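In: A predicted structure for the sequence below; I have some questions about it.
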Amino acid sequence: MEQIKTVSPSGSLPLSGRPSGLATPGSQTLPDNFQRSEKTYFKLIREFGQICENLKSGNSADASEALKLSSDIIELIKEDERLLLCLANAPYSFITRKSDGLGGTLVPSHIVIHAVNVMVYAVKISMDVGIFERTLPEIAGAALLSHLGLLSSPDEAGKSGEALFNFRNFAKNAKDYTSSLKLDEKANEINRILDGTLAEPQLNGSRRDEPTEYAMIIQLCSDFETLTHQSKYSPIEAMKKLRDSMNSFFHPDIIKIFFDKLSIYPLGSFVRLSSKETAKIVKINENFIMRPVVLIVLDEEGAVKSNPSRINLREKFNLYIKQPVLDESLTERFLHMF
């Protein structure tokens with residue numbers, strides 16, 4: 001995928017002239033859900049990072065706080081999913097830099113961030129598929145802990161062209177570490193789902209409330225996250241790569257929801273438009289995923305627009321997305337703007 005270089009935003013974007021509902025870091029208009037989402041996400045990153053450090057060094061670890069934070073994220077996604085999905089789609093470099101306290105000596109940061117992002121994706125897809133609410137905490141816990149096997153992987157496993165294969169392979173070692181974890185009262189249910197994530201996938205036509213189906217959702221989200229973050233595929237390339245295997249192992253409802261909800265242009269990502277302007281994806285148009293709602297933040301010269309404009313591409317047929325933009329500075333500058 002071609003990486004488009006943009007002019008990094010500079011100075012402060014004036015509050016006047018902003019589209020309704022937008023906020024920037026530190027502004028008084030930042031929604032409460034956004035504040036809590038950001039705080040909880042990074043707290044979970046740090047907490048899970050410490051768990052990984054303890055396990056990697058051969059010690060036991062208490063996962064109770066991490067599981068509580070996972071349950072908090074479920075509630076935040078129910079309220080407003082936008083900022084959590086934006087963080088899950090953000091470049092690892094941004095998340096690492098913003099995660100004070102992450103970056104121990106034993107565990108690469110990409111393992112920790114990968115696990116938390118997959119948990120966010122898996123909760124969202126599970127909600128959209130219609131899985132019973134009472135099961136969501138166990139799915140979130142299993143999505144997080146199923147990646148402990150990556151602690152056995154070499155540091156470069158997530159950086160090579162074989163990242164997808166490596167992550168699937170090493171994830172199977174999760175049980176080498178979960179036995180040293182203290183879990184909460186949902187331990188049995190979490191372990192049942194974990195057993196499914198570590199097994200070979202089998203064709204399953206069911207849709208609701210079966211551990212194998214939960215495990216497949218987690219695996220699908222893990223593959224997508226690996227391709228888009230570790231292997232540097234664009235979301236549309238990742239979706240194409242996953243499509244064949246999805247058709248073999250997933251119920252059609254799950255496939256449709258996965259494409260419609262996570263999308264080939266994920267929420268919070270940035271794109272270059274046919275007008276040469278740079279825009280942030282702020283809403284997905286279901287059944288029209290090629291034409292989302294965007295917020296134009298940079299003009300055709302790469303300068304910050306003083307009055308960002310919100311455009312529904314479904315209604316603007318003379319304007320279209322040309323390609324994704326990868327730029328950490330854009331994520332930080334416009335993180336809270338929707």
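Out: Structure's in. What do you need? Numbering: from 1, shown residues only.

In: per-residue confidence at the closest residue to Ser57 other than its chain neighbours?
Out: Spatial nearest neighbour of Ser57, excluding adjacent residues (Cβ to Cβ, 6 or more residues apart in numbering): Leu106 at 6.0 Å. No exception for glycine: its C-beta is placed from N, CA and C like everyone else's. Note for Leu106: predicted pLDDT of 84.

In: try Arg243
Out: Arg243 carries a pLDDT score of 72 in this model.

In: tell me the contacts of it?
Out: Under the criterion of Cβ atoms under 8 Å, 6 or more residues apart in numbering, Arg243 has no neighbours.

In: any idea which element it lies in?
Out: Element membership for Arg243 (DSSP states H and E) is helix 235-249.

In: residues in contact with the helix or strand following that helix?
Out: For helix 235-249, the following helix or strand on the C-terminal side (DSSP H and E) is helix 252-262. Residues outside helix 252-262 that contact it (Cβ under 8 Å, 6+ apart): 121, 124-125, 128-129, 207, 213, 216-217, 220, 224, 235, 239, 246-247, 250, 284, 286-287, 289.

In: and the residues you listed, which of them are in helices?
Out: 121, 124-125, 128-129, 213, 216-217, 220, 224, 235, 239, 246-247 (DSSP state H).

In: quick one: Ser109 from Phe48, how far?
Out: 11 Å (Cβ to Cβ, to the nearest Å).

In: quick one, which of the contacts of helix 252-262 are buried?
Out: Buried subset of the contacts of helix 252-262 (neighbour count, 16 or more other Cβ atoms under 10 Å): 121, 124-125, 128-129, 213, 216-217, 220, 224, 235, 239, 246, 250, 284, 289.

In: worst-scoring helix or strand of this structure, pLDDT-wise?
Out: Across the helices and strands of the chain, mean pLDDT, DSSP states H and E gives its lowest value to helix 163-171, namely a mean of 60.

In: immediately after that helix, which helix or strand?
Out: Downstream of helix 163-171, the next assigned helix or strand under DSSP H and E is helix 175-178.

In: helices or strands up against that next one?
Out: Here helix 175-178 touches helix 187-197, going by 3 or more Cβ pairs under 8 Å, 6 or more residues apart in numbering; DSSP states H and E.

In: please repeat the previous calculation with a cut-off of 10 Å.
Out: helix 32-56, helix 136-145, helix 187-197 (3 or more Cβ pairs under 10 Å, 6 or more residues apart in numbering; DSSP states H and E).

In: list the buried ones in that helix?
Out: 177-178.

In: thank you kindly, that will do.
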